[in-house]
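Colleague: coords please:
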Amino acid sequence: MSDKSPIILWFRRDLRLGDHPALTQACDSGRPVIPVFIYDDVAEGQGAAPRFRLGLSVASLQGALQDKGSNLILRRGNALRVLRDVIRETGAGAVYWSRLYDPDSKQRDMDVKAGLKDDGIEAVSFRGHLLFEPWSVETQTGGFYKVYTPMWKSVRSRELPDTLPTPGKIASPKSWPDSDVLDDWAMGADMQRGRDVVLPHCTVGESAASHRLGAFIANRISDYKAARDIPGVKGTSGLSENLTYGEISPLACWHAGWRALHDGKGDAEVFLKELVWREFAYHLVHHTPRITTANWREDWDAFPWNTDERLAEVKAWKQGRTGIRFVDAAMRELQVTGTMHNRGRMIVASYLTKHLMCHWKIGLDWFADQLIDWDPASNALGWQWSAGSGPDATPYFRVFNPVTQLDKFDKDRNYVKAWLAEEYETPSKTALSFYDAIPLRWNMAPGDAYPDPVVTAEEGRKAALAAYEDRDF
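Modeller: Numbers count the residues shown, from 1 in each chain. A predicted model of the protein is given here:
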């Protein structure tokens with residue numbers, strides 16, 4: 001192949017132009033660059049909300065590339081087959097992409113790399129989705145970290161490269177190959193009527209993500225340690241939505257956090273720790289991929305969790321009518337915004353796996369369908385941490401009391417008022433919007449009586465502890 005042959009830049013979960021090592025390398029080569037997004041089995045296999053949100057990000061990237069005089073070629077189908085088609089149509093001699101670490105993506109990427117190399121095509125993967133490659137962080141005795149705090153201490157002082165600038169120019173090929181039309185994929189169709197409710201709560205694209213980070217650093221990071229636990233205030237960064245699609249790089253967040261810390265904003269260290277918690281999740285997924293589908297601690301395999309999703313208690317949990325206000329508020333926030341406050345995530349996960357004694361995979365699958373910030377690693381670690389079956393997990397005997405947790409973190413009931421309509425004469429707009437988002441078959445209305453608890457906090461705790469006592473952990 002001529003060294004002037006085009007390079008295909010295969011976008012996946014790196015939907016940005018700035019701090020993009022693969023894109024920078026392709027542009028620096030002086031060769032034409034053909035950006036491609038493939039709606040393959042991995043992308044199409046996502047749940048309704050992640051797929052919908054991914055489509056918004058792809059549209060934003062397409063616009064950003066067009067502003068640069070470039071384009072984003074859209075194709076649907078098997079990744080290797082599509083890449084071979086585009087290579088045949090354009091004479092491309094290389095394919096670049098950013099590495100991913102979940103099992104499905106890794107298997108796809110290995111198959112693609114092997115197939116392209118067999119074809120004599122250069123296939124190169126680059127960093128960009130993580131701060132630290134999973135094989136670059138080891139304990140003093142070798143091997144990966146299975147406990148978060150030692151990993152944090154190991155990496156917190158590491159030198160990391162500066163972020164890369166957005167390329168000034170992206171060289172185009174002499175002619176562009178055909179492209180699908182994004183709307184034809186109907187990536188938001190499975191959201192049904194909830195799509196229009198969730199859409200205003202999405203913060204989409206690289207520019208919006210950058211502004212979100214800037215606003216957080218300027219206005220909220222100083223109070224982050226305390227405010228991040230209060231679901232009724234805007235105390236978190238909200239960046240999980242943008243990080244999962246690569247609309248902003250973790251490196252950009254890392255450097256911004258360190259600048260804030262050096263500027264005297266001490267709570268910035270807590271933000272940096274959250275970035276490393278995300279790294280911890282991905283390192284575990286890379287080294288022990290079973291965490292995404294099975295108990296990380298195999299001694300939990302015989303634990304008698306309920307696995308029947310048809311149970312009335314599971315239905316009540318999904319629909320936000322368990323009769324436990326913190327749980328129901330969080331589950332309704334999920335329906336309206338496609339996200340959930342982190343404290344709420346811990347409470348609803350604990351309630352499902354401990355008070356209702358249901359398998360964490362029920363919750364993992366529900367979140368994977370409902371979250372616009374769904375992340376395969378963070379979702380898996382979060383659920384197994386809450387259930388007690390994962391690495392560095394909350395102790396199995398620790399059962400969050402959702403009633404006292406509400407008293408502690410929502411004293412003024414701002415969160416409850418925002419999401420529960422039944423008990424208020426004048427419900428909030430957000431609480432009412434829940435009824436516009438949910439399926440009609442749920443048959444819920446604002447005038448319904450608020451339900452009694454399906455399982456009270458005390459009953460659930462006693463049942464969970466009794467079940468744990470019968471296990472030899």
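
Colleague: Now do the helices in the stretch 301-450 of the chain.
Modeller: With helices called from DSSP state H, counting those that start in this stretch, the stretch 301-450 of the chain shows them at 312-319, 325-337, 342-350, 360-370, 376-387, 402-409, 414-419, 429-437.

Colleague: which strands and helices sit next to the strand or helix carrying Gln25?
Modeller: According to DSSP states H and E, Gln25 maps onto helix 21-28. Helices and strands touching helix 21-28, by 3 or more CB pairs under 8 Å, 6 or more residues apart in numbering; DSSP states H and E, are strand 7-11, strand 33-39, strand 94-98, strand 122-126. C-beta: built from backbone N, CA, C; applies to glycine.

Colleague: related to what we said a few turns ago, just put the helices of the stretch 301-450 of the chain in a markdown table and tack on mean pLDDT.
Modeller: Listed next are the helices of the stretch 301-450 of the chain as a markdown table, based on pLDDT from 0 to 100:
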| stretch | mean pLDDT |
| --- | --- |
| helix 312-319 | 98 |
| helix 325-337 | 98 |
| helix 342-350 | 97 |
| helix 360-370 | 98 |
| helix 376-387 | 97 |
| helix 402-409 | 97 |
| helix 414-419 | 98 |
| helix 429-437 | 98 |
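
Colleague: Mind listing what's buried along the helix holding Gln25?
Modeller: Pro21, Ala22, Leu23, Thr24, Gln25, Ala26, Cys27 (16 or more other CB atoms under 10 Å).

Colleague: ditto for stretch 365-376
Modeller: Trp366, Phe367, Ala368, Gln370, Leu371, Ile372, Asp373, Trp374, Asp375, Pro376.

Colleague: Helix or strand: which one has Asp180?
Modeller: Going by DSSP H and E, Asp180 is not in any helix or strand.

Colleague: number of nearby residues for the closest residue to it other than its chain neighbours?
Modeller: Closest residue in space to Asp180, ignoring its immediate chain neighbours: Leu74 at 4.2 Å, by CB to CB, 6 or more residues apart in numbering. By the criterion of other CB atoms under 10 Å, Leu74 has 21 neighbours.

Colleague: coming back round to it: and Gly323, which of the helices and strands packed on helix 21-28 is closest to it?
Modeller: Ranking the helices and strands packed on helix 21-28 by their distance to Gly323 (criterion: CB to CB) puts strand 33-39 first, at 41.2 Å.

Colleague: if we can go back for a sec, mind putting the helices of the stretch 301-450 of the chain into TSV with distance to Gly128?
Modeller: Listed next are the helices of the stretch 301-450 of the chain as TSV, based on distance: least, CB to CB, whole Å:
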stretch	distance to Gly128
helix 312-319	35
helix 325-337	27
helix 342-350	25
helix 360-370	23
helix 376-387	15
helix 402-409	35
helix 414-419	35
helix 429-437	34
